Each structure stands twice: as C-alpha cells, then as structure tokens.
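Enquirer: pasting the sequence and the predicted model now:
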Amino acid sequence: MKIYFAGSITGGRDDMELYFKIISLLKNYGNVLTEHVGDPKLSSQGEVNVTDEYVYERDVAWMKESNVVITEVSTPSLGVGYEIGSAQFLNKKILCLYREGSKSRISRMISGNKNLIFKTYKTLEDLPTIFNEFFK
C-alpha cells in the first residue's frame with residue numbers, strides 16, 4: 001500500500017509534530033511516500049535547494065503512484081486543497097482529517113464534498129480506529 005499524506009507546509013507548520021505522529025501511525029498500513037511533511041527540519045519555506053517545478057512534478061508523480069490519499073485539513077492550505085482536488089481527479093480514495101477544536105473552520109468545499117471521506121477527531125488516540133476503518 002502506497003500512501004500519499006498531505007498537510008500544511010507553507011500555510012503554517014503549527015501542526016508539524018502532529019503530522020509526524022500521523023505519519024508514524026500510517027506506516028502501520030503501508031509506505032508513506034510524503035514522509036517529509038512531518039520532518040521537524042522542514043520550515044514554512046518548504047524544502048530548500050529544490051525548485052518549485054521539481055516539488056510539483058515529484059508530488060504529482062507520488063500521488064499518481066499512491067493507492068490512497070490522507071490529508072490533515074485543520075490548518076488551511078492552498079497546497080493541500082490542490083492536492084485533494086488532484087487526488088479526486090485521479091480517482092483516489094481520499095481521507096480528510098480535521099481536529100476538533102482547531103482554530104480554523106474547515107472549508108465547506110471539503111466537508112460538503114461527498115466524494116471525500118471526512119473524519120473529525122479529538123486526539124491522536126482516535127486515529128487508529130479511523131485508519132482501521134479506512135484501510136479495511
């Protein structure tokens with residue numbers, strides 16, 4: 001199983017530690033192609049020494065290669081929104097995670113899209129149940 005995980009990078013790194021933990025949980029289900037999203041060294045400036053075009057082409061290739069797409073949408077991000085739309089266009093199975101009590105409200109373009117699996121969670125302890133259901 002190849003998993004594409006998306007979380008905010010240039011939109012803010014407030015949830016970086018959370019992404020790292022989510023990625024660790026997802027590794028129980030397969031290979032996370034976008035493991036760098038949880039890297040504590042990655043700043044809101046993104047990856048250094050690579051071009052925007054390189055990141056775009058690599059990430060699109062990873063998304064095409066993936067079996068599923070998991071997104072954490074609690075921190076608004078144009079990039080994550082674009083990834084969700086791209087994954088839908090590619091007919092990927094998509095899980096959008098939203099942390100209850102987040103500062104930002106979830107976009108209705110996400111929560112209202114019946115082609116997405118949208119799950120709200122309170123703590124990391126809620127995620128294994130959500131993942132077990134998603135991956136069965």
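Expert: Okay, I see it.

Enquirer: every contact and neighbour count from this point should use C-alpha atoms.
Expert: Fine.

Enquirer: neighbours around K27, how many?
Expert: Around K27 there are 15 other residues, counting by other CA atoms under 10 Å.

Enquirer: part of a helix, is I22?
Expert: Yes - using DSSP: H, G, I helix; E, B strand; the rest coil, the assignment for I22 is a helix.

Enquirer: spell out the secondary structure type for the residue located most distally from the centre of the chain.
Expert: Ranking residues of the chain by C-alpha distance from their mean position (CA atoms, centre = their mean) puts N49 at the top, at 23.0 Å. Here N49 is recorded as coil under three-state DSSP.

Enquirer: quick one, phi psi at it?
Expert: Note on N49: its backbone torsions stand at phi 70, psi 20 [degrees, to the nearest 10].

Enquirer: so what's T123 up against?
Expert: R99 (CA atoms under 8 Å, 6 or more residues apart in numbering).

Enquirer: now N113: how far from T71?
Expert: Distance check for N113 against T71: by CA to CA, to the nearest Å, it reads 14 Å.

Enquirer: more neighbours, these two?
Expert: The residue with more neighbours, out of N113 and T71, is T71; 21 against 10, by other CA under 10 Å.

Enquirer: ok, that one touching K93?
Expert: No - using CA atoms under 8 Å, T71 makes no contact with K93, being 11.1 Å away.
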